[in-house]
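S.K.: no sequence for this one, just the structure:
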């Protein structure tokens with residue numbers, strides 16, 4: 001999975017995490033999802049500490065207002081960080097790989113230059129064709 005796709009998947013899951021953070025789900029299976037989302041959030045927040053776009057994404061998700069440019073800025077910040085730091089890229093990939101597969105978070109590809117990541121209330125398209 002390319003750095004660009006990793007960043008896109010991370011943003012989709014972060015949106016979901018920030019939107020849910022006010023109220024945890026009760027079921028045991030959701031504890032696994034929450035733990036994995038917590039790990040991803042920790043990895044991203046540790047690397048992007050103080051990043052205005054990440055702070056704005058969290059605020060927008062909490063209020064239910066989605067602005068695509070905010071997600072794009074976070075995605076670009078994650079891409080840059082992962083390209084500059086192989087350790088971070090590895091941690092990001094491990095955190096994403098630990099996320100459970102669900103019907104509400106899918107990745108579609110069309111060749112190596114097109115990816116569509118759809119999550120709960122978030123969709124990111126990467127088209128480098």
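M.R.: Great, that's in hand. This structure is a prediction, so every number in the text was calculated from the model and none was measured.
S.K.: all helices for the protein, in order.
M.R.: For the chain, applying DSSP state H gives helices covering 3-20, 28-47, 52-63, 68-84, 86-97.
S.K.: Return the most buried member of the ones you listed.
M.R.: Compared across the helices of the chain, helix 3-20 shows the largest average neighbour count, a mean of 23 (mean count of other Cβ atoms under 10 Å). Where you see a C-beta, it was placed from the backbone N, CA and C, and this is true even at glycine.
S.K.: same question for stretch 88-101, mean pLDDT?
M.R.: Averaged across stretch 88-101, pLDDT comes to 84.
S.K.: Give me the nearest residue to residue 41, chain neighbours excluded.
M.R.: Sequence neighbours aside, residue 17 is the residue nearest to residue 41 in space, at 5.4 Å (criterion: Cβ to Cβ, 6 or more residues apart in numbering).
S.K.: same question, residue 95
M.R.: Distance criterion Cβ to Cβ, 6+ apart; nearest residue to residue 95, sequence neighbours excluded, is residue 40 at 4.2 Å.
S.K.: Residue 17 is in contact with the one you found, correct?
M.R.: Yes. Contact criterion Cβ atoms under 8 Å: residue 40 and residue 17 qualify, at 7.1 Å.
S.K.: circling back to that earlier point, name all residues that make contact with the residue nearest to residue 41.
M.R.: For residue 17, the contact set (Cβ atoms under 8 Å, 6 or more residues apart in numbering) comprises 37, 38, 40, 41, 61.
S.K.: That concludes my questions; thank you for your assistance.
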